[in-house]
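Engineer: Okay, predicted coordinates and the sequence, questions at the end:
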Amino acid sequence: MNERRVKVVAAFDREARVWFVKDSDLHGLNVEAPTLEALTDKLPSAVIDLLELEGFFDRENPQADVPIEVIAEVETHARLDAAS
C-alpha cells in the first residue's frame, strides 16, 4: 500500500459565512462547513470517497490510514486610528 497524505488549505468566506477547501492536492475535494472544526470533521469521509475513486484502497479491505494536514488561511486587520 502506497503511503498517501492529503494537504488541505481551508479559508473562510466572509460573505457566505462558511469555511471551505480553498486548495488541496487531492483533486475534486470540495467541502464546506460553518466552522473550521465542522470542516475538519467532514474531511475524512470526503477524502475516503475520492481516494476510493482513485483506486487507492477498497472499502471491502480498508487498510489505509491517510493523514490529512489542514492549513487554515485567515485574514485579519490591525488598524491604527489617527489621534484626535
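Structural biologist: Okay, I see it.
Engineer: How about the one helix or strand in the chain whose mean pLDDT sits lowest, which residues are buried there?
Structural biologist: Scoring the helices and strands of the chain by mean pLDDT, DSSP states H and E places helix 36-54 at the bottom, with a mean of 94. Buried positions in helix 36-54, judged by neighbour count with 16 or more other CB atoms under 10 Å: 39, 40, 43, 46, 47, 48, 50, 51. (Each C-beta comes from the backbone N, C-alpha and C, glycine too.)
Engineer: what does stretch 14-33 give?
Structural biologist: Buried residues in stretch 14-33, defined by neighbour count with 16+ other CB under 10 Å: 18, 19, 21, 24, 26, 29, 31, 33.
Engineer: gap between it and the chain center?
Structural biologist: How far stretch 14-33 lies from its chain's middle: 6 Å, per CA atoms, centre = their mean, to the nearest Å.
Engineer: send the alpha carbons of that stretch over as CSV?
Structural biologist: Only the C-alpha atoms of stretch 14-33 are listed here, as CSV (Å, rounded to 0.1, in the frame of the first residue of the first chain):
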residue,chain,number,x,y,z
ARG,A,14,-17.0,36.1,5.0
GLU,A,15,-20.0,36.7,2.7
ALA,A,16,-21.2,33.1,2.8
ARG,A,17,-20.0,32.7,6.4
VAL,A,18,-18.5,29.2,5.7
TRP,A,19,-15.2,27.6,5.8
PHE,A,20,-14.3,25.8,2.6
VAL,A,21,-11.4,23.9,0.9
LYS,A,22,-9.6,26.6,-1.0
ASP,A,23,-6.9,24.3,-2.3
SER,A,24,-5.9,20.6,-1.9
ASP,A,25,-3.5,18.1,-3.5
LEU,A,26,-6.5,15.7,-3.8
HIS,A,27,-8.3,16.6,-7.0
GLY,A,28,-12.0,17.2,-6.5
LEU,A,29,-12.0,17.8,-2.8
ASN,A,30,-14.9,20.3,-2.3
VAL,A,31,-16.1,20.6,1.3
GLU,A,32,-17.6,23.5,3.2
ALA,A,33,-19.0,23.9,6.7
